[in-house]
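Enquirer: Could you work out the structure for the sequence below:
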Amino acid sequence: RDASRLLVSSIGKNGRWQVLELKADGSVARELPLIGDADVDNYDACWLPNGSVLFGSTATFTGVPCVQGCAHVCNLFPYDPANGQIRRLTFEQDHDWCPTPMEDGRVLYQRWEYSDLPHFVSRILFTMNPDGTGQRALYGSNSYWPNAMFYARPIPDAPHRFAAVVSGHHDTRRMGELIV
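Expert: Numbering: from 1, shown residues only. Have a look, this model is predicted:
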(Lines give C-alpha, C1' and ligand atoms only; values in the text may rest on other atoms or scores of the structure.)
Protein backbone atom coordinates (compact mmCIF):
# COMPACT_ATOMS: atom_id res chain seq x y z
CA ARG A 1 0.00 0.00 0.00
CA ASP A 2 1.01 3.62 -0.30
CA ALA A 3 0.68 4.30 3.47
CA SER A 4 -2.00 6.94 2.89
CA ARG A 5 -4.54 4.79 4.77
CA LEU A 6 -4.43 2.26 7.59
CA LEU A 7 -6.86 -0.14 9.22
CA VAL A 8 -7.62 -0.18 12.95
CA SER A 9 -10.03 -2.07 15.19
CA SER A 10 -12.27 0.12 17.31
CA ILE A 11 -15.82 0.31 18.59
CA GLY A 12 -18.11 0.93 15.63
CA LYS A 13 -21.55 2.47 15.18
CA ASN A 14 -23.22 -0.74 16.40
CA GLY A 15 -21.27 -0.69 19.70
CA ARG A 16 -19.18 -3.74 18.70
CA TRP A 17 -15.60 -4.07 17.42
CA GLN A 18 -15.39 -2.94 13.81
CA VAL A 19 -12.69 -2.15 11.27
CA LEU A 20 -12.10 1.52 10.56
CA GLU A 21 -10.05 2.95 7.75
CA LEU A 22 -8.00 5.95 8.86
CA LYS A 23 -6.29 8.57 6.77
CA ALA A 24 -2.57 9.15 7.35
CA ASP A 25 -3.39 12.28 9.39
CA GLY A 26 -5.38 10.10 11.83
CA SER A 27 -8.84 11.19 10.76
CA VAL A 28 -11.43 8.48 10.18
CA ALA A 29 -12.09 7.93 6.51
CA ARG A 30 -14.87 5.40 7.12
CA GLU A 31 -16.10 2.33 8.95
CA LEU A 32 -15.79 -0.57 6.52
CA PRO A 33 -19.14 -2.13 5.53
CA LEU A 34 -18.34 -5.59 6.84
CA ILE A 35 -20.64 -8.12 8.49
CA GLY A 36 -23.03 -5.75 10.25
CA ASP A 37 -25.24 -7.92 12.44
CA ALA A 38 -25.85 -6.44 15.89
CA ASP A 39 -23.92 -9.18 17.72
CA VAL A 40 -20.92 -9.46 15.38
CA ASP A 41 -17.39 -8.21 16.07
CA ASN A 42 -15.04 -7.57 13.10
CA TYR A 43 -11.35 -6.88 13.82
CA ASP A 44 -7.67 -7.76 13.15
CA ALA A 45 -7.81 -6.48 9.58
CA CYS A 46 -4.99 -6.17 7.05
CA TRP A 47 -4.68 -5.07 3.44
CA LEU A 48 -3.91 -7.76 0.89
CA PRO A 49 -1.80 -6.97 -2.18
CA ASN A 50 -4.87 -7.10 -4.46
CA GLY A 51 -6.59 -4.29 -2.48
CA SER A 52 -8.91 -6.60 -0.53
CA VAL A 53 -9.14 -6.47 3.26
CA LEU A 54 -8.71 -9.67 5.29
CA PHE A 55 -10.36 -9.52 8.71
CA GLY A 56 -11.48 -11.66 11.62
CA SER A 57 -15.16 -11.90 12.45
CA THR A 58 -17.38 -13.59 15.00
CA ALA A 59 -20.12 -13.87 12.35
CA THR A 60 -20.03 -17.68 12.55
CA PHE A 61 -21.72 -17.48 15.99
CA THR A 62 -19.54 -20.34 17.21
CA GLY A 63 -18.44 -20.49 20.85
CA VAL A 64 -15.22 -21.85 22.37
CA PRO A 65 -15.94 -25.36 23.71
CA CYS A 66 -13.87 -25.16 26.93
CA VAL A 67 -15.93 -22.23 28.25
CA GLN A 68 -19.32 -23.66 27.26
CA GLY A 69 -19.49 -21.42 24.19
CA CYS A 70 -19.52 -18.08 26.02
CA ALA A 71 -16.45 -16.74 24.12
CA HIS A 72 -17.20 -16.13 20.45
CA VAL A 73 -14.85 -17.60 17.85
CA CYS A 74 -13.20 -15.44 15.19
CA ASN A 75 -12.70 -16.86 11.68
CA LEU A 76 -11.14 -15.06 8.69
CA PHE A 77 -13.04 -13.37 5.87
CA PRO A 78 -11.89 -11.25 2.90
CA TYR A 79 -13.76 -8.09 1.89
CA ASP A 80 -13.41 -6.85 -1.68
CA PRO A 81 -14.04 -3.07 -1.69
CA ALA A 82 -14.53 -3.10 -5.48
CA ASN A 83 -17.70 -5.22 -5.34
CA GLY A 84 -18.55 -5.47 -1.62
CA GLN A 85 -18.23 -9.26 -1.56
CA ILE A 86 -17.37 -11.04 1.70
CA ARG A 87 -16.84 -14.78 2.08
CA ARG A 88 -15.58 -17.09 4.80
CA LEU A 89 -12.07 -18.56 4.38
CA THR A 90 -11.48 -20.47 7.63
CA PHE A 91 -13.83 -22.93 9.32
CA GLU A 92 -12.39 -23.59 12.77
CA GLN A 93 -14.28 -24.27 15.98
CA ASP A 94 -11.73 -21.96 17.60
CA HIS A 95 -10.09 -18.66 16.74
CA ASP A 96 -8.00 -17.50 13.79
CA TRP A 97 -6.24 -14.23 14.60
CA CYS A 98 -3.86 -11.56 13.39
CA PRO A 99 -3.64 -12.15 9.62
CA THR A 100 -0.84 -10.43 7.73
CA PRO A 101 0.49 -10.75 4.18
CA MET A 102 3.86 -12.38 3.56
CA GLU A 103 6.39 -11.41 0.87
CA ASP A 104 5.59 -14.54 -1.17
CA GLY A 105 1.88 -13.67 -1.34
CA ARG A 106 0.65 -16.05 1.37
CA VAL A 107 -1.11 -14.93 4.55
CA LEU A 108 0.39 -15.62 7.99
CA TYR A 109 -2.07 -16.01 10.87
CA GLN A 110 -2.43 -17.64 14.28
CA ARG A 111 -4.84 -20.55 14.53
CA TRP A 112 -6.12 -22.10 17.74
CA GLU A 113 -5.95 -25.75 16.78
CA TYR A 114 -7.99 -27.61 19.39
CA SER A 115 -8.12 -31.10 17.84
CA ASP A 116 -6.27 -33.84 19.75
CA LEU A 117 -3.96 -31.37 21.51
CA PRO A 118 -3.79 -29.88 25.01
CA HIS A 119 -5.69 -26.62 24.47
CA PHE A 120 -3.16 -24.38 26.20
CA VAL A 121 -0.34 -25.26 23.76
CA SER A 122 -2.33 -25.35 20.57
CA ARG A 123 -2.04 -21.89 19.08
CA ILE A 124 -0.08 -22.47 15.93
CA LEU A 125 1.14 -20.09 13.25
CA PHE A 126 -0.45 -21.05 9.95
CA THR A 127 -0.15 -19.83 6.39
CA MET A 128 -2.65 -19.89 3.55
CA ASN A 129 -3.14 -18.39 0.14
CA PRO A 130 -5.27 -15.21 0.10
CA ASP A 131 -8.21 -17.23 -1.29
CA GLY A 132 -8.10 -19.62 1.72
CA THR A 133 -6.49 -22.56 -0.09
CA GLY A 134 -3.28 -24.23 1.02
CA GLN A 135 -3.78 -23.85 4.77
CA ARG A 136 -0.84 -25.40 6.64
CA ALA A 137 1.06 -25.10 9.89
CA LEU A 138 4.19 -22.96 9.85
CA TYR A 139 5.38 -23.03 13.46
CA GLY A 140 4.33 -24.04 16.95
CA SER A 141 2.72 -27.48 16.71
CA ASN A 142 3.08 -29.21 20.11
CA SER A 143 5.22 -26.35 21.40
CA TYR A 144 4.97 -25.79 25.16
CA TRP A 145 6.65 -22.41 24.70
CA PRO A 146 5.78 -20.17 23.05
CA ASN A 147 2.16 -21.24 23.21
CA ALA A 148 0.45 -18.15 21.80
CA MET A 149 2.09 -15.79 19.31
CA PHE A 150 0.03 -12.70 18.58
CA TYR A 151 0.71 -10.16 15.83
CA ALA A 152 3.29 -12.38 14.10
CA ARG A 153 4.99 -10.50 11.28
CA PRO A 154 7.40 -11.86 8.70
CA ILE A 155 10.86 -10.31 8.73
CA PRO A 156 11.62 -8.74 5.33
CA ASP A 157 14.15 -10.65 3.22
CA ALA A 158 14.20 -13.49 5.79
CA PRO A 159 11.44 -15.90 4.62
CA HIS A 160 11.96 -18.36 7.49
CA ARG A 161 11.91 -15.81 10.32
CA PHE A 162 9.18 -13.82 12.03
CA ALA A 163 8.65 -11.58 15.04
CA ALA A 164 5.69 -12.00 17.41
CA VAL A 165 4.36 -11.18 20.86
CA VAL A 166 4.29 -14.28 23.09
CA SER A 167 1.51 -14.60 25.63
CA GLY A 168 0.26 -17.47 27.78
CA HIS A 169 -3.06 -19.23 27.24
CA HIS A 170 -4.83 -17.65 30.24
CA ASP A 171 -2.36 -14.81 30.62
CA THR A 172 -2.82 -11.13 29.85
CA ARG A 173 -4.10 -11.38 26.31
CA ARG A 174 -2.02 -10.13 23.41
CA MET A 175 0.70 -8.74 25.68
CA GLY A 176 3.99 -10.39 26.56
CA GLU A 177 7.51 -10.97 25.30
CA LEU A 178 8.62 -9.86 21.86
CA ILE A 179 10.38 -12.75 20.12
CA VAL A 180 12.13 -13.40 16.82
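Enquirer: List the buried residues of stretch 51-63.
Expert: Residues of stretch 51-63 classed as buried: 52-60, 62-63 (neighbour count, 16 or more other C-beta atoms under 10 Å). Every C-beta, even on glycine, is put in place using the N, C-alpha and C of the backbone.
Enquirer: Repeat that for stretch 70-88.
Expert: In stretch 70-88, counting by 16+ other C-beta under 10 Å, buried: 72-79, 86.
Enquirer: cool, stretch 34-48 as well?
Expert: Those would be 34-35, 40-48, for stretch 34-48 by 16+ other C-beta under 10 Å.
Enquirer: same thing with stretch 19-31?
Expert: Residues of stretch 19-31 classed as buried by neighbour count (16+ other C-beta under 10 Å): 19-22, 31.
Enquirer: now those residues as TSV including pLDDT?
Expert: Shown next, in TSV, are the buried residues of stretch 19-31 (pLDDT from 0 to 100):
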residue	pLDDT
Val19	96
Leu20	95
Glu21	94
Leu22	93
Glu31	93
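Enquirer: Restricted to helices, list these.
Expert: With helices taken from DSSP state H, there is no overlap with these.
Enquirer: Closest to Pro146 out of these?
Expert: Closest approach to Pro146 among those (C-beta to C-beta): Val19, at 26.9 Å.
Enquirer: who's in contact with the residue lying closest to the closest one once chain neighbours are set aside?
Expert: Once flanking residues are discounted, Val19 sits nearest to Ala45: 4.3 Å by C-beta to C-beta, 6 or more residues apart in numbering. By C-beta atoms under 8 Å, 6 or more residues apart in numbering, the contact set of Ala45 is 7, 9, 19, 32, 53-56.
Enquirer: Tell me if Ala45 really is in a helix.
Expert: No. Membership of Ala45 in a helix is not supported by DSSP: H, G, I helix; E, B strand; the rest coil, which gives strand.
Enquirer: Quick check: it vs Val180, distance?
Expert: 24 Å (C-beta to C-beta, to the nearest Å).
Enquirer: Where do the strands of the protein begin and end?
Expert: Using DSSP state E, the strands of the chain run over residues 5-11, 17-23, 28-31, 42-47, 53-57, 75-79, 96-101, 107-112, 123-128, 136-139, 149-155, 158-166, 177-179.
Enquirer: Tell me which of those sits nearest to Gln68.
Expert: strand 107-112 (16.4 Å).
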